[in-house]
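J.: Generate a structure from the sequence data that follows.
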Amino acid sequence: MIKVKIGARTLKTGFAILLGMIIPPLIGLGDSRGLTASAVIFSMQPSVQETFVKTRDRLIANIIGGIIAFVVASYFGDTNIMVAAASALLIAILHQLNLDDVIGLSILTLVNVMLSSGANLPLVAVQRVSATLIGVLIAFAVNTFVLPPRYDVKFYEKTISATDDTMKYVRLMLRKNAQFPIMSVDLKKLRKELVTLRKYHRYMRDPMYKRFMTSRYYSLLRFLVVCRQSIRTNETLYDLAATLHGSENTFNHLPTELRTLIRERMETLMTAHEQILLKWNGRILPEEVNFITYRSDLRQSFIEAFYQEASTEEAMEADFLKGNELLKIMTKIFEYDQKLQQFNKLTNSFVKYKRSDHIEQEYDYD
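T.: Numbers count the residues shown, from 1 in each chain. As a prediction, this is how the structure comes out:
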């Protein structure tokens, strides 16, 4: 049985289309419902800020499209050639105004105006443009005020998913269990998840999104700082996974002792990463994650073994590639370590501020 998931954005789009079908007849634009509904569909955006920007741009583009349609149809006719020429002219103008993203709906408005058979062309042009503008405004109002998006929740959920996947891939490669072609595909998918995290973080920085979080404004700002460091940490872990993947042959032929040290160090770091995420969610106390001083003897042995292997005669003279790949792996591991320390520090601060503000379960991700 196929399960259909209906999210908030789907419901909002359906509700906006319903309004687009109901409102035009109430204000004397009954025959323009299709155009209004089309404008709604074109104008729905995932971000409140993007919706505001696109609404402004579409208002400008559709007014220009209506004017061009009226002038061309009035003085040159509404033949197929004239419709095509007017469309090309509109595209050129919008391109010069850097409004390429809103060309589609403005062309639809232009074609609707020029192909209208009504005798009163100015009235038809005003009606069609008005119908389009109403659709744009409906989309803006619904997207802004109906079920405002909670990108903080989405961000945390996507972070957990991306982190778990990356760690799973790293563990497979450290144990020599990964299939190279399959891992290449998996890493590409994982890269897209990291891009999504960046997108959610950008949405949360939108000024209009922050207005909906007025009661938690300063907590949101602290949350954004932690989010930024979380992204950097995940990207570093991804780079490490990609480096291990690209250096698979070199890693698999390292001495058993060195591979064991690498696995132990990475397990320590990845376990700390998991615990920091749990701390972020309030499930672990800030004082209970201290991976930095844990097994300092292991860290020292790890460094010495790495440099010893990278400085062998084979790595220094016979095989430069092996030496370079070893240094890349070591660099990424230490960079991951550094990013985790910063992530841990910021998370501690965030959790303590939440406590001091007496906010319980402010970000409940269950």
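J.: Please make it C-alpha for all contacts and neighbour counts, starting now.
T.: OK.
J.: Name the next helix or strand downstream of the least confident helix or strand in the chain by mean pLDDT, please.
T.: The helix or strand of the chain with the poorest confidence is helix 313; it has a mean of 56 (mean pLDDT, DSSP states H and E). Sequence order places helix 320-356 as the next helix or strand after helix 313, per DSSP states H and E.
J.: What's the mean pLDDT across that next one?
T.: Averaged over helix 320-356, pLDDT sits at 82.
J.: quick one, helices of the stretch 51-200 of the chain?
T.: 80-96, 103-114, 121-145, 151-174, 180-204 (DSSP state H, counting those that start in this stretch).
J.: how far away is Asn143 from Leu99?
T.: As judged by CA to CA, to the nearest Å, Asn143 and Leu99 stand 21 Å apart.
J.: Who has more neighbours out of these two?
T.: Asn143 (24 against 17; other CA atoms under 10 Å).
J.: relative to helix 320-356, how tilted is the host helix or strand of Met266?
T.: In the assignment (DSSP H and E), Met266 maps to helix 256-280. Taking axes from the mean of the first three to the mean of the last three CA atoms, to 10 degrees, one finds helix 256-280 and helix 320-356 inclined to each other by 20 degrees.
J.: in helix 256-280, what counts as buried?
T.: 258-259, 261-270, 272-280 (16 or more other CA atoms under 10 Å).
J.: and what of stretch 11-29?
T.: Buried residues in stretch 11-29, defined by neighbour count with 16+ other CA under 10 Å: Lys12, Thr13, Phe15, Ala16, Ile17, Leu19, Gly20, Met21, Ile23, Pro24.
J.: Which of these sits closest to Leu147?
T.: Lys12 (7.6 Å; CA to CA).
J.: which element is that closest one on?
T.: Assigned by DSSP H and E, Lys12 falls in helix 8-26.
J.: That helix: what's the following helix or strand?
T.: helix 33-43.
J.: Tell me the helices and strands packed up against that next one.
T.: helix 8-26, helix 48-76, helix 103-114, helix 121-145 (3 or more CA pairs under 8 Å, 6 or more residues apart in numbering; DSSP states H and E).
J.: and these as TSV, adding distance to Leu244 and mean pLDDT?
T.: Formatted as TSV, the helices and strands packed on helix 33-43 follow (distance: least, CA to CA, whole Å; pLDDT from 0 to 100):
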stretch	distance to Leu244	mean pLDDT
helix 8-26	39	83
helix 48-76	38	81
helix 103-114	45	85
helix 121-145	43	79
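J.: Relative to Phe343, which of the ones you listed is closest?
T.: The nearest among the helices and strands packed on helix 33-43, by CA to CA, is helix 48-76 at 28.1 Å.
J.: The closest one to helix 33-43, inter-axis angle?
T.: 140 degrees.
J.: Provide a list of residues in contact with Leu115.
T.: If you count contacts by CA atoms under 8 Å, 6 or more residues apart in numbering, Leu115 has them with Asp78.
J.: And it, how far from Phe70?
T.: Note on Leu115: its distance to Phe70, by CA to CA, is 11 Å.
J.: Can you tell me what sits against stretch 167-184?
T.: Residues contacting stretch 167-184 (CA under 8 Å, 6+ apart): Leu237, Ala241, Leu244, His245, Glu248, Asn252, Arg259, Ile262, Arg263, Met270.
J.: pLDDT (mean, whole number) over that stretch?
T.: Per-residue scores along stretch 167-184 average to 86.
J.: Could you tell me the end-to-end distance of that stretch?
T.: By CA to CA, one end of stretch 167-184 lies 15 Å from the other end.
J.: now swap in stretch 139-153 and tell me
T.: 23 Å.
J.: mind checking how far Leu197 is from Asp152?
T.: 10 Å.
J.: The helix holding Met266 packs against which elements?
T.: helix 151-174, helix 296-310, helix 320-356.
J.: Now do that helix against helix 151-174, angle only.
T.: 170 degrees.
J.: Check the offset of helix 256-280 from the chain's centre.
T.: 27 Å (CA atoms, centre = their mean, to the nearest Å).
J.: avg pLDDT for that helix?
T.: Here the average pLDDT along helix 256-280 is 87.
J.: who's more crowded, Leu197 and Asp152?
T.: Using other CA under 10 Å, the more surrounded residue of Leu197 and Asp152 is Leu197, with 25 against 19.
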